[in-house]
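Novice: Give me a 3D structure for the following:
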Amino acid sequence: MKESIFKAYDIRGSYPEEIDVNVAYTIGKSYGSYLREKYNKRKCVIGRDNRLSSPTLSAALKQGLLDSGINVVDYGLITTPMHYYSRYIENTYGIMVTASHNPKDDNGFKFSFDDLANARGKMIEDFKNYTLKGEFLNGHGMSEERDIHEAYYNYLTDNIFMGPKRIKAVFDPGNGVTATVIKEINSLFPNIEPIYICDESDGTFPNHHPDPAVEENMEMLKTKVLEENADIGIAYDGDGDRIGIIDEKGKFIMADKYMIVAIRDMIHKVKNKTFLCDVKCSKALMDEIEKLGAKVHMNRTGTSFTEAATKEKEIPLGGELSGHIFFNDRGPEVCSAIYAGLRFIEILSKTNKTFSELLEGIPNYYSTPEIKIPCDNTKKFQVVEKVKEYVKGKNYNYTDIDGVRITFDNSWALIRVSNTGPNLTLRFEAKTEEELSQKQKEFTDLVESLL
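Specialist: Take a look at the predicted model:
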């Protein structure tokens with residue numbers, strides 16, 4: 001087993017080169033033993049996405065769990081948020097077989113050791129060391145198959161309150177696992193007029209890469225929204241925990257912008273007026289939060305870290321640029337892209353404004369998308385440390401909660417380690433295009449000189 005498959009908040013790698021049935025079995029036996037030994041658990045839940053390798057890996061994972069002596073509740077083919085909801089209703093921890101938005105030949109495991117979020121940081125490190133040591137418990141666990149669909153659908157209908165306006169929405173599941181449930185879910189809300197693209201469940205993702213945070217993956221959705229004169233376009237990633245949005249003009253809306261729409265809608269309805277964003281988010285979001293009289297909590301990037309902080313601090317809404325949005329103001333928070341999409345449709349159903357009009361008044365900044373620079377996993381942390389040394393030498397204002405985010409009067413730059421691949425991630429923003437270009441050149445040249 002390669003140590004490199006243990007990432008900052010999950011286990012992920014290529015199939016079958018890095019993750020195969022033997023790895024899945026070992027992870028299962030280790031996880032079951034770990035739950036019994038460290039947490040005194042006797043039961044866990046599992047689920048899987050629709051990748052071609054997921055059924056095989058899930059079966060091996062389950063056998064490993066059973067052979068550790070832990071009982072398994074298998075919910076089968078479900079979205080990751082449905083898996084999170086199964087953990088909630090079963091009041092236990094669990095493993096989801098998925099590689100989220102990664103390429104089709106990847107797979108992996110998202111798993112939990114508490115009620116806040118998936119394992120993260122030191123939790124992963126400790127579990128990695130336990131797994132590599134290989135001293136597992138033996139036993140004969142019992143297996144049971146259950147269905148989460150009805151309970152999850154009830155959760156959605158109990159926590160969405162549509163207005164009178166009928167909304168025409170185009171949905172793009174990206175051939176991911178949300179394709180197996182989205183039509184049935186939308187049928188529960190009569191004022192949604194749905195149109196679908198890429199709506200066949202197909203783990204080869206034949207139409208486009210299943211990551212709605214990348215604009216090039218949203219071109220089909222843009223076209224369809226304009227063709228159909230729709231009110232909104234909504235896309236999901238491969239396992240259903242990331243959302244992407246296209247407005248009625250066919251424009252790609254980044255997560256740090258549509259978060260503003262949600263915050264404006266809930267600001268007078270929530271007690272705790274603190275909102276969370278990750279270090280990659282625009283200053284426009286932070287400006288708007290402060291303009292509304294609320295507070296900004298900036299957090300390190302990573303869905304597990306973001307979700308845990310949102311719950312721990314009882315923040316009504318948290319989110320990150322990747323499209324993970326955590327609504328924590330109604331029912332249990334389960335990081336569901338489908339739920340988030342319904343919340344935005346709910347907002348539209350109660351106003352005469354278009355989505356683009358709901359975005360009016362946001363401070364204008366020029367920004368880059370995330371820029372990924374390939375860098376070997378063994379070197380990328382060293383590069384970030386050298387960037388920090390450079391920043392200190394220049395007496396720049398910075399924060400290092402996740403990489404280095406350097407703040408200037410009218411701009412900022414971010415250089416951080418990617419937690420999901422051998423890359424450095426850079427992002428830049430400024431009040432003017434000229435300053436944006438200057439900052440991007442300064443730090444891109446710096447990083448490239450350090451590679």
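Novice: contacts and neighbour counts: CA atoms only from here.
Specialist: Noted.
Novice: How many residues are close by the residue found closest to I401 once you drop the neighbours it is linked to in the chain?
Specialist: For I401, ignoring the flanking residues on the chain, the nearest one in space by CA to CA, 6 or more residues apart in numbering is R300 at 5.8 Å. The burial count assigned to R300 is 18, neighbours taken as other CA atoms under 10 Å.
Novice: got a pLDDT number for R300?
Specialist: If you check R300, the pLDDT there is 94.
Novice: care to break this protein down by domain?
Specialist: Per the record, the chain has its domains at 3-146, 150-358, 366-450, by automatic domain parsing.
Novice: Now do the end-to-end distance for the longest one.
Specialist: Same thing as domain 150-358. Domain 150-358 has its terminal residues 33 Å apart, counting by CA to CA, to the nearest Å.
Novice: Same check on stretch 260-273?
Specialist: The straight-line separation of the ends of stretch 260-273 (CA to CA) is 13 Å.
Novice: Tell me who's in contact with the closest residue to Y396 other than its chain neighbours.
Specialist: Distances taken as CA to CA, 6+ apart place I406 nearest to Y396, at 6.7 Å, with adjacent residues excluded. By CA atoms under 8 Å, 6 or more residues apart in numbering, the residues touching I406 are 391, 396-399, 412-414.
Novice: cool, and V170?
Specialist: 194-197, 221, 224-225, 230, 232-234.
Novice: Please identify the member of those residues with the greatest number of neighbours.
Specialist: Highest neighbour count within those: G233, with 30 neighbours (other CA under 10 Å).
Novice: Please, where are all the helices along the stretch 101-250 of the chain?
Specialist: 122-133, 149-159, 182-186, 219-228 (DSSP state H, counting those that start in this stretch).
Novice: Show me the one of these that comes nearest V334.
Specialist: Nearest to V334 among those is helix 149-159; the distance by CA to CA comes to 10.4 Å.
Novice: picking up where we left off before, does the residue nearest to I401 touch T306 like I think?
Specialist: Yes - if you go by CA atoms under 8 Å, R300 and T306 touch, sitting 7.2 Å apart.
Novice: what sits in contact with each of the two?
Specialist: D278.
Novice: just to revisit the earlier point, from the contacts of I406, list the buried ones, please.
Specialist: For those, a burial check counting by 16 or more other CA atoms under 10 Å picks out 391, 398, 412-414.
Novice: Closest to F136 out of the residues you listed?
Specialist: Within those, the smallest distance to F136 is 41.6 Å, found for L414 (CA to CA).
Novice: May I have the strands that pair with the host helix or strand of that closest one, each with its orientation?
Specialist: For L414, the element it lies in under DSSP states H and E is strand 411-417. Using DSSP bridges, the strands paired with strand 411-417 are strand 404-407 (antiparallel), strand 423-430 (antiparallel).
Novice: Of these, flag the one that's most buried.
Specialist: Highest mean neighbour count among those (mean count of other CA atoms under 10 Å): strand 423-430, with a mean of 24.
Novice: from memory D241 sits against P81, does it?
Specialist: Yes - using CA under 8 Å, D241 is in contact with P81, at 6.2 Å.
Novice: Which residues are in contact with each of the two?
Specialist: Residues touching both D241 and P81 (CA under 8 Å, 6+ apart) are 335-337.
Novice: residues touching the residue lying closest to T178 once chain neighbours are set aside, list them.
Specialist: With CA to CA, 6+ apart as the criterion, T178 has its nearest non-adjacent residue at 5.8 Å, and that residue is G240. Neighbouring residues of G240 by CA under 8 Å, 6+ apart: 79-81, 100, 176-178, 336-338.
Novice: For G240, give its distance to K439.
Specialist: The gap separating G240 from K439 is 35 Å, by CA to CA.
Novice: try S58
Specialist: Note on S58: its distance to K439, by CA to CA, is 46 Å.
Novice: And the two? Which one has more around it.
Specialist: S58 (27 against 19).
Novice: Next up, the contacts around that one.
Specialist: Each residue near S58 by CA under 8 Å, 6+ apart is listed here: 24, 47-48, 97.
Novice: In what element of secondary structure is it found?
Specialist: For S58, the host element (DSSP H and E) is helix 54-67.
Novice: tell me the mean pLDDT over that helix?
Specialist: 98.
Novice: Got phi/psi on the residue nearest the centre of the chain?
Specialist: Closest residue to the average C-alpha location of the chain: H324 at 3.8 Å, with CA atoms, centre = their mean. Backbone torsions for H324, taken as degrees, to the nearest 10, come to phi -80, psi 120.
Novice: Touching, it and I243? I think so.
Specialist: Yes - H324 is within contact range of I243, at 6.7 Å (criterion: CA under 8 Å).
Novice: can you list residues touching both of those two?
Specialist: Residues touching both H324 and I243 (CA under 8 Å, 6+ apart) are A337.
Novice: mind listing the helices for the stretch 251-400 of the chain?
Specialist: Using DSSP H, counting those that start in this stretch, the helices found in the stretch 251-400 of the chain span residues 255-266, 283-291, 303-312, 337-349, 355-358, 380-393.
Novice: distance between the second one and the chain's centre?
Specialist: It stands for helix 283-291. 22 Å (CA atoms, centre = their mean, to the nearest Å).
Novice: For that helix, name the packing helices and strands.
Specialist: Applying 3 or more CA pairs under 8 Å, 6 or more residues apart in numbering; DSSP states H and E, one finds that helix 283-291 makes contact with helix 255-266, strand 295-299.
Novice: for the longest one, packing partners?
Specialist: For helix 255-266, the contact count by 3+ CA pairs under 8 Å, 6+ apart identifies helix 283-291, strand 317-319, helix 337-349 as packing neighbours.
Novice: Same check on the shortest one?
Specialist: Under the contact criterion of 3+ CA pairs under 8 Å, 6+ apart, the helices and strands touching strand 295-299 comprise strand 274-278, helix 283-291, helix 303-312.
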